[in-house]
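Enquirer: Quick one, structure for this:
(chains A, B, C and D)
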Protein chains: 4
Amino acid sequence: MGADMNDDIDASEWLNTDEPPSLRALRGKVVVVTVFQMLCQGCARTSLPQARNLHASLPRGDAAVIGLHSVFEHHHVMTPEALRVFAGEYGLTFPIAIDRAREGLPIPATMHRWELDGTPTLLVFGRDGGLALRHFGHVDDLRLGLVLGQLLAHPSGGTAAGGPGGDEGRDDAGGEPVCSI
Amino acid sequence: MGADMNDDIDASEWLNTDEPPSLRALRGKVVVVTVFQMLCQGCARTSLPQARNLHASLPRGDAAVIGLHSVFEHHHVMTPEALRVFAGEYGLTFPIAIDRAREGLPIPATMHRWELDGTPTLLVFGRDGGLALRHFGHVDDLRLGLVLGQLLAHPSGGTAAGGPGGDEGRDDAGGEPVCSI
Amino acid sequence: MGADMNDDIDASEWLNTDEPPSLRALRGKVVVVTVFQMLCQGCARTSLPQARNLHASLPRGDAAVIGLHSVFEHHHVMTPEALRVFAGEYGLTFPIAIDRAREGLPIPATMHRWELDGTPTLLVFGRDGGLALRHFGHVDDLRLGLVLGQLLAHPSGGTAAGGPGGDEGRDDAGGEPVCSI
Amino acid sequence: MGADMNDDIDASEWLNTDEPPSLRALRGKVVVVTVFQMLCQGCARTSLPQARNLHASLPRGDAAVIGLHSVFEHHHVMTPEALRVFAGEYGLTFPIAIDRAREGLPIPATMHRWELDGTPTLLVFGRDGGLALRHFGHVDDLRLGLVLGQLLAHPSGGTAAGGPGGDEGRDDAGGEPVCSI
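Expert: Numbers count the residues shown, from 1 in each chain, chains lettered A, B, ... in the order given. Prediction:
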């Protein structure tokens, strides 16, 4: 089963916000969730700079960018304290959820329930809460802009058959390194 | 006065097509027109590779990419023969109009009527034929994707007030060199 | 006072090597020292990938690449454990010194004695041990290659007046972000 | 047989200079010859911008950058007049030789005698006139800088066995497109 607004982000803590958002509460907006690990090279070099651009470019009333820090390896050094420093150094100002650790298991709660493959993973939800795009690896700016533009234009979502996204793709191009579970 | 579907491309010749398109006949589709000169550095390095990507990425049934070769300087070397070679070397396979020369005047017909500032210039028309974006210089992929995605989603156009584009902007960033009239 | 082979790296620990190198012992080789902090964005995005390329490209018998992790801020999260993970994720296989912390002072020992301005800083020593280039910020590949090539060609160093480098420059271009003390 | 200073550039015309240089007359300097065609995409996008940087970066008293326009296809549009416009638009200010056409044969004289494979091709000669590097395709800045730096440091050349370059390589990476004979 994949990501779903009824199967919301399970965070142990949030950064950059006093009012933790939920996918459910964001219904009506287009929501981009960028799943990352702070020491994953592909995240630091491509997906997080892209998320920063999205946060600066998308209309606030109609869209939201959320980071999800899903640590599935090297837990002892990718701590909340370290993430806070990292977010400051990289100028990440959008809300960032820390995916809830599960006792004795490496994969955190949301990543597990959403059955993600690793980091970076990009998820895009339409206004109606349906998953419109899910991609492990990097999505280029033109393609992502096309998907988001179409979702923004739909008052009531964009997950109908034949919608703009819907791939459950992987980045095979081998450009930026990903971190696989 | 700006570009308008009722004020169509005035071409003396077309490349890459047996059935020269017109903006009017393309009504119902989103249309990207990339205005260039083959020896303009900014065109060769950024706007034409982007147009090539658009031509490969946009859904053919709903969108069209058109090149407009508007020569306003060095006419003796940017000839139709030279353009044909250039298009082949750069892998440009979308239809390219050669803007009609005007006797004794440097600026060709369409460029003159549309009051363009130079090359590269990007124009985007919505499904209803209205001008949605016009930009002298380079438009980055994310922003262009957002505009195009919104226009694609609108069955009947996208030029209402508050539409996605509508800037009559210039690229001041000074990155790639432009060629000004 | 600047960096000097007689004023060697003062490391509390080394990664990626069983035989910690010293500038003095490397006399006869051209030595590149890249000073970084693992959470400094400019380091992660430009100076460390460049150091990785240098390590792969320079002739091992005649040159050495050394990393110097000089933590002057956020000490609690840029720990040796975190650095070890970071080096693994970023594929850094050259020897990395951890600059010795000084009790109660933010700036570590080598960084203090060498009077560095922040990270990334690049230092290049000629075969005779003299400092040939020192730069706070990014040095582009062509310029760095020219300096290193000249130093490699000199059997006995390259720090004579009129030598290839010798700038004590800063990167003012404002491209990649640096971390200033 | 390869390029040789005793087998000099055979030009029908020179741009950007009143005193056409010869490899023989440049003996004592390091000489970079960038062989290109103005409508070859790989030349316009990578090798010519690199040559422009070299011309700006190398010490004039010790090095020279020369362009060689070797047209082996589409001769009717890559004329001297077109090249002059192209050089102006791309800001190429170093001397450019037009490789002498041979009656009834597509490959021009210097390209033929030097047995080149196509464009872009980079040739580097040491101070003693010996060929130090010859490469069909793009040479990255770091590697090129290393070769040039070593040649600059040798008062009397750099073509001895074990010299810095000497590859007769091709660019297999498949990045920028080349134009093969």
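Enquirer: now the helices: where do they sit in chain A?
Expert: A:41-42, A:48-57, A:80-89, A:109-113, A:141-153 (DSSP state H).
Enquirer: Can you tell me what sits against the second one?
Expert: Yep, that's helix A:48-57 we're talking about. A:32, A:34, A:36, A:65, A:67, A:90-94, A:120, A:138-139, A:141, A:144, A:148, B:142-143, B:146 (Cβ atoms under 8 Å, 6 or more residues apart in numbering or on different chains). Just so you know, the C-beta spots here come from the backbone N, C-alpha and C atoms, and that holds for glycine as well.
Enquirer: hang on, the earlier thing: got the helices of chain A as JSON lines, with mean neighbour count and mean pLDDT columns?
Expert: Output for those, formatted as JSON lines (neighbours: other Cβ atoms under 10 Å in any protein chain shown; pLDDT from 0 to 100):
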{"stretch": "helix A:41-42", "mean neighbour count": "22", "mean pLDDT": "95"}
{"stretch": "helix A:48-57", "mean neighbour count": "19", "mean pLDDT": "97"}
{"stretch": "helix A:80-89", "mean neighbour count": "19", "mean pLDDT": "98"}
{"stretch": "helix A:109-113", "mean neighbour count": "20", "mean pLDDT": "97"}
{"stretch": "helix A:141-153", "mean neighbour count": "25", "mean pLDDT": "97"}
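Enquirer: Ok, which of those helices comes nearest A:Glu19?
Expert: Closest to A:Glu19 of the helices of chain A, according to Cβ to Cβ: helix A:48-57, at 16.5 Å.
Enquirer: I'd like to check the angle between the closest one and helix B:141-153, please.
Expert: Angle of helix A:48-57 versus helix B:141-153, following axes from the mean of the first three to the mean of the last three Cα atoms, to 10 degrees, is 60 degrees.
Enquirer: Dump helix A:48-57 to CSV, restricted to CA.
Expert: Below are the C-alpha coordinates for helix A:48-57, written out as CSV (Å, rounded to 0.1, in the frame of the first residue of the first chain):
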residue,chain,number,x,y,z
LEU,A,48,16.8,19.4,-1.0
PRO,A,49,17.9,22.3,-3.2
GLN,A,50,14.9,21.6,-5.4
ALA,A,51,12.6,21.5,-2.4
ARG,A,52,14.0,24.8,-1.3
ASN,A,53,13.2,26.3,-4.8
LEU,A,54,9.7,24.8,-4.7
HIS,A,55,9.1,26.3,-1.3
ALA,A,56,10.1,29.7,-2.7
SER,A,57,8.2,29.4,-6.0
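Enquirer: show me which of the contacts of helix A:48-57 neighbour chain C.
Expert: Contacts with chain C within these, as defined by Cβ under 8 Å from any Cβ of the partner chain: A:Tyr90, A:Gly91.
Enquirer: ok, now which ones touch A:His74?
Expert: Each residue near A:His74 by Cβ under 8 Å, 6+ apart is listed here: A:Gln37, A:Leu39, C:Val85.
Enquirer: Any regions of chain A where pLDDT drops low?
Expert: Along chain A, the parts satisfying pLDDT under 70 run over A:1-6, A:156-176.
Enquirer: Residue most distant from the centroid, it?
Expert: What lies farthest from the middle of chain A is A:Gly104; by Cα atoms, centre = their mean that is 24.3 Å.
Enquirer: can you list the residues of chain A near chain B?
Expert: A:50, A:53-54, A:57-58, A:140-154, A:158, A:164.
Enquirer: Let's see that with 7 Å instead.
Expert: A:53, A:57, A:141-150, A:152-154, A:164 (Cβ under 7 Å from any Cβ of the partner chain).
Enquirer: which of those lies closest to D:Asp10?
Expert: Minimum distance to D:Asp10 across the residues of chain A next to chain B is 45.8 Å, recorded for A:Leu142 (Cβ to Cβ).
Enquirer: OK, contacts around the nearest residue to the closest one once chain neighbours are set aside?
Expert: Excluding its sequence neighbours, the residue lying closest to A:Leu142 (Cβ to Cβ, 6 or more residues apart in numbering or on different chains) is B:Asp141, at 4.1 Å. If you count contacts by Cβ atoms under 7 Å, 6 or more residues apart in numbering or on different chains, B:Asp141 has them with A:Asp141, A:Leu142, A:Gly145, B:Gln50.
Enquirer: ok, which pair from those residues is furthest apart?
Expert: Using Cβ to Cβ, the two most remote members of those are A:Gly145 and B:Gln50, lying 11.8 Å apart.
Enquirer: out of everything not next to it in sequence, what's closest to A:Pro95?
Expert: A:Thr17 (4.0 Å).
Enquirer: ok, how many other residues are close to the one you found?
Expert: When counting by other Cβ atoms under 10 Å in any protein chain shown, one arrives at 13 neighbours for A:Thr17.
Enquirer: how close does it get to chain B?
Expert: Distance from A:Thr17 to chain B, counting by Cβ to the nearest Cβ, to the nearest Å: 24 Å.
Enquirer: now that residue: how far from A:Cys179?
Expert: Applying Cβ to Cβ, to the nearest Å, the value for A:Thr17 to A:Cys179 is 25 Å.
Enquirer: Kindly report the same for A:Leu58.
Expert: According to Cβ to Cβ, A:Leu58 and A:Cys179 sit 26 Å apart.
Enquirer: With A:Pro49 instead?
Expert: Distance from A:Pro49 to A:Cys179, by Cβ to Cβ: 17 Å.
Enquirer: One more: A:Leu146?
Expert: 27 Å.
Enquirer: can you check A:Leu148 too?
Expert: Per Cβ to Cβ, A:Leu148 is found 25 Å from A:Cys179.
Enquirer: now swap in A:Arg102 and tell me
Expert: Noted for A:Arg102: a distance of 18 Å to A:Cys179, by Cβ to Cβ.
Enquirer: related to what we said a few turns ago, quick check, nearest of the contacts of B:Asp141 to chain C?
Expert: Closest approach between the contacts of B:Asp141 and chain C, by Cβ to the nearest Cβ: A:Asp141, at 17.2 Å.
Enquirer: Go through stretch A:92-104 and flag the buried ones.
Expert: Within stretch A:92-104, the residues that count as buried by 16 or more other Cβ atoms under 10 Å in any protein chain shown are A:Leu92, A:Phe94, A:Pro95, A:Ile96, A:Ala97, A:Ile98, A:Asp99, A:Arg100.
Enquirer: and the fourth one, what does it touch?
Expert: This means A:Ile96. Going by Cβ under 7 Å, 6+ apart, A:Ile96 touches A:Trp14, A:Leu15, A:Asn16, A:Gly67, A:His69, A:Ala87.
Enquirer: can you tell me which of the residues you listed are in strands?
Expert: Those of the contacts of A:Ile96 mapping onto strands are A:Trp14, A:Leu15, A:Gly67, A:His69, per DSSP state E.
Enquirer: Give me the distance between the third one and chain C.
Expert: It refers to A:Gly67. When distance is defined by Cβ to the nearest Cβ, A:Gly67 is 16 Å away from chain C.
Enquirer: Need the nearest residue in space to that residue, chain neighbours excluded.
Expert: Closest to A:Gly67 by Cβ to Cβ, 6+ apart is A:Ile96, at 3.7 Å.
Enquirer: How about A:Ala153?
Expert: B:Ala153 is the one closest to A:Ala153 (Cβ to Cβ, 6+ apart), at 3.4 Å.
Enquirer: Correct me if wrong: that neighbour contacts A:His154.
Expert: Yes: counting by Cβ atoms under 7 Å, B:Ala153 touches A:His154, with 5.9 Å between them.
Enquirer: how near is A:Arg127 to D:Gly129?
Expert: In terms of Cβ to Cβ, A:Arg127 sits 70 Å off from D:Gly129.
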